[in-house]
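S.K.: turn this into a model:
(one chain, ligands or ions: 2)
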Amino acid sequence: MTELISIRESSKHVDEEVRMHVWLTDKRSSGKIVFLQLRDGTAFFQGVVRKNDVSEEVFEAAKGLRQEASFYLTGTIHEDARSHFGYEIQISDLEVVSNNEGYPITNKEHGIDFLLDHRHLWLRSRRPFAIMQIRNRIFKATVDFFENEGFVKFDAPLLMHSAPEGTTELFHIDYFDHDAYLSQSGQLYGEVGAEAFGKIFTFGPTFRAEASKTRRHLTEFWMMEPEMAWMHQDESLDLQERFLSYVVGQVLEHCEYELSILGRLEHCEYELSILGRDLDKLRPAAEGNYTRLSYDDAVKMLQEAGKDFKWGDDFGAPDEAFLSERFDRPFFIVNYPVAIKPFYMKKNPENPLTYLCADVEAPEGYGEIMGGSEREADYDTLKAQIEEAGLNLDDYSWYLDLRKYGSVPHSGFGMGFERVIAWICKLDHVREAVPFPRMINRMQP
Ligand code: 4AD
Ligand code: MG
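M.R.: Ligands and ions are numbered 1, 2, ... in the order given. Below you'll find the predicted structure:
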């Protein structure tokens, strides 16, 4: 029986007869030959059907295939230096499973709204395929990295009664007779995990009622949040740098094909797409050595450039873009003012107007991709900070218990998956970094 293989496995089967199950993305034919553009979820390549090599029936079936037809095929793999993928298949037989007319995403240029309305089908196209494969690689690299570092995967709840990242962006839900919120962050529960297991990371969806329509904000996004007991902020920065370098290195190592097809306009791309990914711009990020720029120095840089920015302001997207031009790789901004960060952070002993915290800024103007801090570990100080933030102490009594019993210095951070993907893939909006984006004006499909 002929072996069933995936397109991705072609290189191991050159000049062999194989079977495949595929979908048709595009077709060209002349009198005696039909070129079929095929995909199977692992890669895209070309199938060739020659009238002289196949039965009349098979040739007619090939000619009659419509976009997104699904079928089994039998054929022989050949090397093909001219094609992007490097291989093609000479088809000898095919068996159609589904072949309907009217696939809505055609070869003309479609607008982004049309494509997002058809996201359930658009995900089959090259560019979303490449982005989602890279997303998957980043997920795998994340799990591998933290496993190697001795972390435990720890699951935080999504239905919450607390508001770790401030009360303005909460999704409120009716929870029987109580108020509840969708999780903004799993961090506070991650801290529970750190005291139970030492080092943990959470990974899950988080929700923010962001009314802003920016390129960086989703209302539902995926966040990975490590939390480390017995770790101070400087060691956490070392870990963050090691982690992000590893992730970028893994993408560069394993996703060459995906990075190369990201910008290809062969099939149903849209007018906003930025073409291609300049890998030389990505490589430094895999090398580590990320600058630790203080908030104070960042403010000076902006002021010296004549920007209207006061100590105490938070950086806007143009400020972050300006700063990122000075670096060829991600960089930290450390020790932000207390007033612009959440209540759980530990104050900087050298300047109590600032926290022991840091954001990681991506290069090329992509802005904040990670944020974290050392956590306040002292019971009375934390209690005061909760009260100053105007939060209800009763909601945080369990969180304060962590400071009552066996409190230890601990630190953690959160990485927004879609932000990292948008930067690595050089997307112009985070909506393309998740299969089904949720934004203020989009809930469908
Ligand atoms: O900076 P944030 O709000 O930090 C936290 O939630 C902390 N609890 C993390 C921690 O220390 N455990 O969010 C963390 C990251 C940001 O750096 C950004 O990458 C991403 O989450 N993020 C968003 N991504 C997409 N859409 C949004 N609306 C986002 N808000 C934050
Ligand atoms: Mg932040």
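
S.K.: I'd like the next helix or strand past the one helix or strand residue 252 maps to.
M.R.: Secondary structure from DSSP states H and E places residue 252 in helix 233-254. Towards the C-terminus, the helix or strand next in line after helix 233-254, according to DSSP H and E, is helix 256-261.

S.K.: tell me how many other residues crowd the nearest residue to residue 431 once chain neighbours are set aside.
M.R.: Counting by C-beta to C-beta, 6 or more residues apart in numbering, the nearest residue to residue 431 once its immediate chain neighbours are dropped is residue 437, at 3.9 Å. All C-beta atoms are positioned from the backbone trio N, CA, C, and that covers glycine. By other C-beta atoms under 10 Å, 19 other residues sit near residue 437.

S.K.: looks to me like residue 437 is in a helix.
M.R.: No - Residue 437 is assigned coil when assessed by DSSP: H, G, I helix; E, B strand; the rest coil, not a helix.

S.K.: near ligand 1, which residues of the stretch 101-250 of the chain show up?
M.R.: 164-165, 185, 187, 208, 210, 217-218, 221, 223, 225 (C-beta under 6 Å from any ligand atom).

S.K.: please, where are all the strands along the stretch 151-300 of the chain?
M.R.: Under the criterion DSSP state E, counting those that start in this stretch, the stretch 151-300 of the chain contains strands at 152-153, 159-160, 172-175, 178-182, 199-207, 220-229, 292-294.

S.K.: mean confidence for the last one?
M.R.: Averaged across strand 292-294, the pLDDT comes to 98.

S.K.: now for it, which elements pack on it?
M.R.: On a contact count with 3 or more C-beta pairs under 8 Å, 6 or more residues apart in numbering; DSSP states H and E, strand 292-294 meets strand 331-334.

S.K.: same question, the fourth one
M.R.: On a contact count with 3+ C-beta pairs under 8 Å, 6+ apart, strand 178-182 meets strand 159-160, strand 172-175.

S.K.: from residue 222, how far out is the closest residue to residue 298 other than its chain neighbours?
M.R.: Spatial nearest neighbour of residue 298, chain neighbours left out: residue 333 (5.4 Å); criterion: C-beta to C-beta, 6+ apart. Between residue 333 and residue 222 the distance is 23 Å, computed by C-beta to C-beta, to the nearest Å.

S.K.: more neighbours: which of these two?
M.R.: Set side by side, residue 333 and residue 222 show more neighbours around residue 333, with 24 against 19, by other C-beta under 10 Å.

S.K.: ok, the more buried one touching residue 293?
M.R.: Yes - counting by C-beta atoms under 8 Å, residue 333 touches residue 293, with 5.4 Å between them.

S.K.: what do the two both touch?
M.R.: Contact criterion C-beta atoms under 8 Å, 6 or more residues apart in numbering; residues shared by residue 333 and residue 293: residue 323.

S.K.: does residue 120 touch residue 445 like I think?
M.R.: Yes - with contacts counted by C-beta under 8 Å, residue 120 reaches residue 445, the gap being 4.7 Å.

S.K.: now tell me which helix or strand of the chain has the poorest mean pLDDT.
M.R.: Confidence across the helices and strands of the chain bottoms out at helix 256-261, with a mean of 88, counting by mean pLDDT, DSSP states H and E.

S.K.: mind giving me the packing neighbours of that helix?
M.R.: In terms of contacts (3+ C-beta pairs under 8 Å, 6+ apart), helix 256-261 is packed against helix 126-148.

S.K.: not counting its own residues, what contacts the helix it packs on?
M.R.: Residues outside helix 126-148 that contact it (C-beta under 8 Å, 6+ apart) are 39, 41, 44, 122-123, 153, 199, 201, 203, 224, 226, 242-243, 246-247, 250-251, 254-255, 258-259, 261-264, 266-267, 269, 273, 415, 417, 420-421, 424-425, 427, 432-435.
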